[in-house]
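1. Build me a model:
(chains A and B)
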Amino acid sequence: MDVSNLLASHAAKFQSVTVEKETPLDVDAGFLTVTDLNPIDEESYRSNLEEYLQSTARDGTQALIAALYALPTQLSPDGPLAQLPPPTTALPRAKPLPKPKAPTKWELFAAAKGIQKQHREKKIWDEEKQEWVNRWGRDGKNKEKEEQWINEVKANAAVDFDPVQATRNARKARVAKNERQKLQNIARSQAVREERSERKIEIERTLASTRTSTASMGRFDKKLEGDKKMRGVKRKFDPTEASAEQEKQASLALLSKLDGEAKRRSKDTGGDNVLNVRKAIRSVSRGKGGVALGRDAGRGGAKGKRGGKR
Amino acid sequence: MLRTIKPRNARSKRALDAREPKEVEDARTAIFVRGTHTGEVVGAVMKELMALKKPYAISFSKKNTIRPFEDASSFEFWAQKNDASMFIVGQSTKKRPNGLVIARTFDSKVLDMCELGVDKFVSMSELKTPKSTPGHKPMIHFASELFDTHPRYVQLKSLLMDLFNAEIVDSICLPGLEHVISVTVGPSPPQAPSVAVGGTQQEDTKNLPKVHLRTYTIKLSPSGTRVPRVELTEMGPSLDLSLRRCQEADPALWKAAMKRPKLKKQDIEKGLGKKKKNMEVDEMGDLRGRVHIARQDLNKLQTRKMKGLKGRPGEEDVDMGGGASEDEDEGDESPRRKKRREE
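-> Numbers count the residues shown, from 1 in each chain, chains lettered A, B, ... in the order given. Okay, the predicted model is just below:
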């Protein structure tokens, strides 16, 4: 059976969809972009420009289409949806990254105390009505006391005491308090970085760059009166006088570091090079082991102490 | 400066919130600005580019006295006012006929600019061929090694990609791909080693090879395989451009503009971030992991327990105790044990 004909037709089919280039084409499927880094064929460029442009564009597009059709797809009423990978080309952003929202005072407190946030449903079950009602808002549960037709009043209440008005005032006060706290939170978050200080930094940066922008990197520039010296990176030292607590912390940290190192070394070699600790313990404890040895030693020591007291 | 607006109702608040910076940004909105004198060619070029850019395009129909390379303050104002971050300025002067300036902004400040001269222009209407649907995303094709090596062309590529395709989308409808924008750079002149290094600006721009921008519609025909065969038809606009002045981005501003958001944990699991080893999400959406266990140590294998094979009591203590305590306290020893050790 002669299959060369079949093979040839199969190869022809494939040739029409594969692109062979010296440098492989660089496809960025996330941005639907293909870059052909092969040098221009000058001869065909000069002889027939439009045809040449169209043929290179066709090859590039074919490679891009092949890459797109190789992606995993989902079905949709308009046709297959190709799931695009994230783009590889880095393009500059149009706006700076969003700043993280400053935590409120409550959020800080909750984080410190380890309080988990709980989702609070907006609807609440009303036993009497036997239905779900709003927790607040229209026909809210929080207005229940104000809307009921009879109210309990204590015997020693003032003559002009209005229970409905009292509960209403209490509710309004809670709302006002919440609003006040919200404003305080906003004020606190904005106080973090003021506009003025930001502008100052920007001006200083511009000034520094202009002063080193001459041909001599600012070396032969005329110094103006009141010009500040340009500063580089400054070395920092710990203060010579520190509180006792800080000193203690630092020393302990150093000690624990040394201790840890010694432990690590002993674990590595099982003692120093001169003494084989395991062997020594075995011989000293007569094969009973280190724990038994320690137990005995502890018992002996405790006895001794008690004896001393008497 | 613009006055700061305090939203008075929910609708205006939503509109203002939509302008706030986002982690994953939308496509850049481009403003098409006419300079003091535009001329027929550049006016038509801008109209056609705008047709490609729609719906993210705003047209300024009045003339504006603007010199982008001398004073870019107008850009900053327009960028804030219109929430746009890209500008195409068309201007034709005696010194620089048929000029087209592409500028982009970061945080309403001009990031970089590139001036192009239109040498040849073929309009969409001149070519009686099928056109693409307005608003469909184009594919872009760049052809030249200069797009990787020469800073001017690297910038041009970045600007054109930002202009036409800078939106990050997670999926695209394959039949919706209708047209391709192809950008090819001509061969560099033979006696131009100064292209990358030397010469003044004036000399430099003359030596830079031309840029050919073509727009084609694609026709997919079945090829017998999964991948269809692509055929192109010229759609227009077709532009031959030459590079003129340019303004590079300020390094500090560029660095700020290139900051990437931290990827969320979920994205990392999906494989968008750094791929985690031995973890995959199967077709059902479940996260599956593979665990590799070290070779089994057969010396520790628990075989049949027999009384005779049991170790002496206290033997384990020696192994576990290590160097915990070594006091010179001698306990009593039995002769039986000593005997055994000597064996």
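
2. how near is B:Asp26 to chain A?
-> According to Cβ to the nearest Cβ, to the nearest Å, B:Asp26 stands 8 Å off from chain A. Where C-beta positions appear, they are placed from N, C-alpha and C, glycine not excepted.

3. Centroid-nearest residue for the chain?
-> Using chain A. A:Pro100 (9.9 Å; Cα atoms, centre = their mean).

4. So that residue lies in a strand, does it not?
-> No - with DSSP: H, G, I helix; E, B strand; the rest coil as the criterion, A:Pro100 is located in coil rather than a strand.

5. Surely B:Met235 and B:Lys131 touch.
-> Yes - taking Cβ atoms under 8 Å as the definition, B:Met235 is a contact partner of B:Lys131 at 5.6 Å.

6. Give the residues shared as contacts by those two.
-> Shared contacts of B:Met235 and B:Lys131, defined by Cβ atoms under 8 Å, 6 or more residues apart in numbering or on different chains, are found at B:Met124, B:Thr217.

7. And the two? Which one has more around it.
-> Taking other Cβ atoms under 10 Å in any protein chain shown, B:Met235 and B:Lys131 do not tie; B:Met235 has more neighbours (22 against 16).

8. what separates the more buried one from chain A, distance-wise?
-> Taken as Cβ to the nearest Cβ, the span from B:Met235 to chain A is 11 Å.

9. So in chain A, which helix runs the longest?
-> Longest helix in chain A, counting residues (DSSP state H): helix A:163-190.

10. Pull out the buried residues from it.
-> A:Pro163, A:Thr167, A:Arg171, A:Asn185 (16 or more other Cβ atoms under 10 Å in any protein chain shown).

11. nearest to A:Arg120, of those?
-> A:Arg171 (17.2 Å; Cβ to Cβ).

12. Which residue, other than its chain neighbours, is closest to the closest one?
-> In space, A:Arg171 comes closest to A:Asn142 once its chain neighbours are excluded; the distance is 6.2 Å by Cβ to Cβ, 6 or more residues apart in numbering or on different chains.

13. likewise A:Trp125?
-> A:Trp132 (5.9 Å).

14. give me phi/psi at the one you found?
-> Backbone torsions for A:Trp132, taken as degrees, to the nearest 10, come to phi -80, psi 130.

15. where does the closest residue to A:Tyr69 other than its chain neighbours land in three-state SS?
-> With sequence-adjacent residues excluded and distances taken as Cβ to Cβ, 6+ apart, A:Tyr69 is closest to B:Val227, at 4.8 Å. Using three-state DSSP, the structure places B:Val227 in coil.

16. Pull out the buried positions in stretch B:119-135.
-> B:Phe121, B:Val122, B:Met124, B:Leu127, B:Lys131, B:Ser132.

17. next one: that stretch to chain centre, how far?
-> When C-alpha coordinates are averaged (Cα atoms, centre = their mean, to the nearest Å), stretch B:119-135 and its chain have centres 28 Å apart.

18. What distance separates the opening and closing residues of that stretch?
-> 27 Å (Cα to Cα, to the nearest Å).

19. is that stretch up against chain A anywhere?
-> No - if you take Cβ under 8 Å from any Cβ of the partner chain as the test, stretch B:119-135 misses chain A, and the best it gets is 9.8 Å.

20. What's the mean pLDDT across that stretch?
-> Averaging pLDDT along stretch B:119-135 gives 92.

21. Then stretch A:297-310?
-> 52.

22. same check, this time on stretch B:187-205
-> For stretch B:187-205, the per-residue pLDDT averages 56.

23. Give the helix, strand or coil label for the residue nearest to A:Arg171.
-> Going by three-state DSSP: A:Asn142 is helix.

24. can you pull the contacts of it?
-> Contacts of A:Asn142 by Cβ under 8 Å, 6+ apart are A:Arg135, A:Trp136, A:Arg171.

25. mind listing what the residue nearest to the first one when sequence neighbours are not counted touches?
-> Here the nearest residue to A:Arg135 in space, its sequence neighbours aside, is A:Ile124; by Cβ to Cβ, 6+ apart that works out to 4.8 Å. With contact taken as Cβ under 8 Å, 6+ apart, A:Ile124 is in contact with A:Trp132, A:Val133, A:Asn134, A:Arg135, A:Lys141.

26. thinking again about what came up before, which other helices and strands contact the longest helix of chain A?
-> helix A:105-113, helix A:144-147 (3 or more Cβ pairs under 8 Å, 6 or more residues apart in numbering or on different chains; DSSP states H and E).

27. Can you lay out the ones you listed as CSV showing distance to B:Ile102, mean neighbour count and mean pLDDT?
-> Shown next, in CSV, are the helices and strands packed on helix A:163-190 (distance: least, Cβ to Cβ, whole Å; neighbours: other Cβ atoms under 10 Å in any protein chain shown; pLDDT from 0 to 100):
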stretch, distance to B:Ile102, mean neighbour count, mean pLDDT
helix A:105-113, 44, 11, 92
helix A:144-147, 64, 13, 90
